[in-house]
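1. I need the structure of the sequence given here:
(one chain, ligands or ions: 2)
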Amino acid sequence: MGQDPPVRMSDLAVWEGTFDPQVIDEAFKSYNLTIATTVFAVGKYTRFLRDFLLSAEKHFMVGMNVQYYVFTDLPGDVPGSMTLGVGRRLKIVKVPKFGRWQEISLRRMELIQTAIEEYIHQEAHYIFCLDVDMRFHGRVGPEAVGKLVAAIHPWFYWYPRNQFPYERRNVSTAYIPLDQGDFYYQANVFGGAMEDIHRLTKTCREHLECLPLSRASVCPCPVDKSVGVEALWQEESHLNWYLLRNKPTKLLSPEYVWDDLRGSGAKEIQLVRFSSVIKDNAEVRENI
Ligand code: UDP
Ligand code: MN
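-> Numbering: from 1, shown residues only. Ligands and ions are numbered 1, 2, ... in the order given. Modelled structure (predicted):
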């Protein structure tokens, strides 16, 4: 309401200066939590794994137990010689390679949902779901842990809500009207308590199943009887729909999902913690 978005955000989100790292680390120590971390590296995206993991070992949930789950179709391409810190382990989960890059990206919801049901729920307390084409540059610690955690997209936070790139076609299950929405969240990072992320991934998966993924002409899903439409930003559109109805209990500032393409000039960003690397989409993506 007449406020500029970065100011409005700073009241609510986790930013540098809004918490004392030592106090938070001390408070979390006694809980001895395990954080599940899912990351997909399918096809040529395995090339991002090494830097992702090396930087995560330096900056991500340091001092906590971390269980990485690397979902890949190419287990042999997962860096094998990496030494992980105490209490940190890595599990490889073999997945099929889907045809289109959009499908690889959006199938994550389904695969995370089933992995939570089958084993992750027994192996960790909280879960973070991260893109692999990213690198940590600064602390991402327990200040980011919460029941339902989402991060504000680094490219849209100064826009009014009617210009957020939500899905605007009302035939889509991800539809958001122009006058609704708090933030545009980036799907590169989301997380939370196991039951919350199970519900999130299950709901998004059910909505995504309305898509003509196999190019079938009839949508198999009872939610949307129309022939499915692929939402503008695939699972990110569905994530935004979900988070409009289920407000995040912890909001991460764009420090936690920066983009190297935006560079380091933004004055409101004191510290880039986790950032997308610049990639050649035409080179790494399947079937553009
Ligand atoms: N992904 C993958 N292989 C692909 C396409 C996507 O492993 O061929 C996974 C990977 O974890 C990637 C995520 O899906 O980080 C999202 O895709 P991408 O990073 O290309 O989307 P963007 O962040 O550019 O919107
Ligand atoms: Mn990405």
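
2. Can you spell out which helices and strands pack onto the helix or strand containing K58?
-> If you go by DSSP states H and E, K58 is part of helix 49-59. Counting contacts by 3 or more Cβ pairs under 8 Å, 6 or more residues apart in numbering; DSSP states H and E, helix 49-59 packs against strand 34-41, strand 65-72, strand 134-136. C-beta: built from backbone N, CA, C; applies to glycine.

3. hey, where'd the helices end up in this structure?
-> 5-12, 21-29, 49-59, 101-106, 108-115, 121-123, 194-208, 235-245, 281-284 (DSSP state H).

4. Distance to ligand 1, mean neighbour count and mean pLDDT for these - can I get that in CSV?
-> CSV is the format used below for those (distance: least, Cβ to the nearest ligand atom, whole Å; neighbours: other Cβ atoms under 10 Å; pLDDT from 0 to 100):
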stretch, distance to ligand 1, mean neighbour count, mean pLDDT
helix 5-12, 21, 14, 57
helix 21-29, 27, 13, 96
helix 49-59, 9, 19, 98
helix 101-106, 4, 21, 79
helix 108-115, 6, 21, 95
helix 121-123, 20, 14, 98
helix 194-208, 14, 21, 93
helix 235-245, 7, 22, 95
helix 281-284, 7, 10, 88
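
5. Excluding chain neighbours, what is closest to V95?
-> Leaving aside its chain neighbours, V95 sits nearest to F71 (4.8 Å; criterion: Cβ to Cβ, 6 or more residues apart in numbering).

6. Quick one: neighbours of the one you found, just the number.
-> 21 (other Cβ atoms under 10 Å).

7. Spit out the contact partners of it.
-> F71 is in contact with 38-42, 93, 95, 108, 111, 115, counting by Cβ atoms under 8 Å, 6 or more residues apart in numbering.

8. try 10 Å
-> Going by Cβ atoms under 10 Å, 6 or more residues apart in numbering, F71 touches 38-42, 91-95, 104, 107-108, 111-112, 115, 132.

9. Does the helix holding K58 reach ligand 2?
-> No. If you take Cβ under 5 Å from the ion as the test, helix 49-59 misses ligand 2, and the best it gets is 10.6 Å.

10. got the contact list for that helix?
-> Identification of contacts with helix 49-59 by Cβ under 10 Å, 6+ apart yields 37, 39, 41, 45, 60, 62, 66, 68, 70, 72, 74, 77-79, 81-85, 88, 90, 130-141, 273-275, 277.

11. Only whichever of the residues you listed are buried, select them in PyMOL.
-> The buried residues among those can be selected in PyMOL (16 or more other Cβ atoms under 10 Å) with this line:
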select buried, resi 37+39+41+45+60+62+66+68+70+72+74+77+78+88+90+130+131+132+133+134+135+136+137+138+139+140+141+273+274+275
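
12. out of the contacts of helix 49-59, who's near ligand 2?
-> Within the contacts of helix 49-59, those near ligand 2 by Cβ under 5 Å from the ion are 131, 133.

13. Can you name the residues of the protein that neighbour ligand 1?
-> Residues of the chain lying close to ligand 1 by Cβ under 6 Å from any ligand atom are 40-43, 45, 101, 104-105, 131-133, 188, 276, 285-286.

14. Pick out whichever of those residues sits closest to G181.
-> Lowest distance from G181 to the residues of the chain next to ligand 1 (Cβ to Cβ) belongs to N188, with 18.4 Å.

15. Next up, the contacts around the closest residue to the closest one other than its chain neighbours.
-> Once flanking residues are discounted, N188 sits nearest to D131: 4.0 Å by Cβ to Cβ, 6+ apart. Neighbour list for D131: 39-40, 45, 48, 52, 105, 108, 186-189, 257, 274, 276-277 [criterion: Cβ under 10 Å, 6+ apart].

16. Which of those residues sits closest to N240?
-> Closest approach between the contacts of D131 and N240, by Cβ to Cβ: A187, at 8.3 Å.

17. Quick check, pLDDT for the closest one.
-> Here, the pLDDT recorded for A187 equals 96.

18. Surely it and H238 touch.
-> Yes. Using Cβ atoms under 10 Å, A187 is in contact with H238, at 8.7 Å.

19. shared neighbours of the two, which are they?
-> Counting by Cβ under 10 Å, 6+ apart, the residues touching both A187 and H238 are 106, 109, 204.

20. Dihedrals phi and psi, whichever residue of the stretch 51-200 of the chain sits closest to ligand 1?
-> Closest to ligand 1 within the stretch 51-200 of the chain is D131: 3.4 Å, counting by Cβ to the nearest ligand atom. Backbone geometry at D131, expressed as degrees, to the nearest 10, gives phi -70, psi 150.

21. Great, nothing more from me.
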